[in-house]
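Trainee: just need the structure, nothing else, for what follows:
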Amino acid sequence: MENKQHPIGDLMSTTMQKIREMVDVNTIIGAPIQTGEVTIIPVSKVSFGFASGGSDFTTKNQKPEADNAFGGGSGAGVNIMPIAFLIVKGDSVRLLPVAPPPGTTVDRVVEMVPEVIDRVTGFIEKQQDKKEPDSAF
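Mentor: Below is the predicted model of the structure:
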């Protein structure tokens, strides 16, 4: 007797191959977008599911050594949702969520700390640069 693969195996292989074609690493972490000195990298949440099944059927006048008829089907669904952008500017990297974070004011303040520190540092440096020429006179 021949060792044949059951049709459900082909059905599952085809389904998985199609899912691999739809979802790859570039779907989750998108291609970088360069705008001057800033690089923007999209980040998405990907979820997917699939189901498949089948059954062997015998026909009314089937001979005992004949293969059964096979009937089956499969389906898949994919959900891709953008959730954030990575903003890279020089040595600074920020995560900019698409939706406001569900949290307290404290969470938002903690999230803004790096930006506030950058602004304060820049302000102090500008003030020091202004003072240096005055002390030369």
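
Trainee: please read off the pLDDT at the spatially most central residue of the chain from the model.
Mentor: Nearest residue to the geometric centre of the chain (Cα atoms, centre = their mean): residue 28, 2.0 Å. Residue 28 carries a pLDDT value of 80.

Trainee: that one against residue 46, yeah?
Mentor: Yes. With contacts counted by Cβ atoms under 8 Å, residue 28 reaches residue 46, the gap being 5.6 Å. From N, CA and C alone the C-beta is placed, and that goes for glycine too.

Trainee: point out where this structure drops to low pLDDT.
Mentor: Low-confidence regions of the chain, defined here as pLDDT under 70, cover residues 1-4, 6, 23-25, 100-108, 110, 132-137.

Trainee: please enumerate the helices of it.
Mentor: 7-22, 25-28, 105-136 (DSSP state H).

Trainee: what's the closest of those to residue 83?
Mentor: helix 25-28 (9.8 Å; Cβ to Cβ).

Trainee: now for the closest one, which elements pack on it?
Mentor: If you count contacts as 3 or more Cβ pairs under 8 Å, 6 or more residues apart in numbering; DSSP states H and E, helix 25-28 packs onto strand 38-57.

Trainee: now do the strand it packs on against helix 7-22, angle only.
Mentor: Angle between the axes of strand 38-57 and helix 7-22 is 170 degrees (criterion: axes from the mean of the first three to the mean of the last three Cα atoms, to 10 degrees).

Trainee: for residue 130, give me its contacts.
Mentor: By Cβ atoms under 8 Å, 6 or more residues apart in numbering, the contact set of residue 130 is empty.

Trainee: ugh, wrong one, I meant residue 58
Mentor: Residue 58 neighbours (Cβ under 8 Å, 6+ apart): 68-69.

Trainee: next one: it relative to residue 68, how far apart?
Mentor: Between residue 58 and residue 68 the computed distance is 5 Å (Cβ to Cβ, to the nearest Å).
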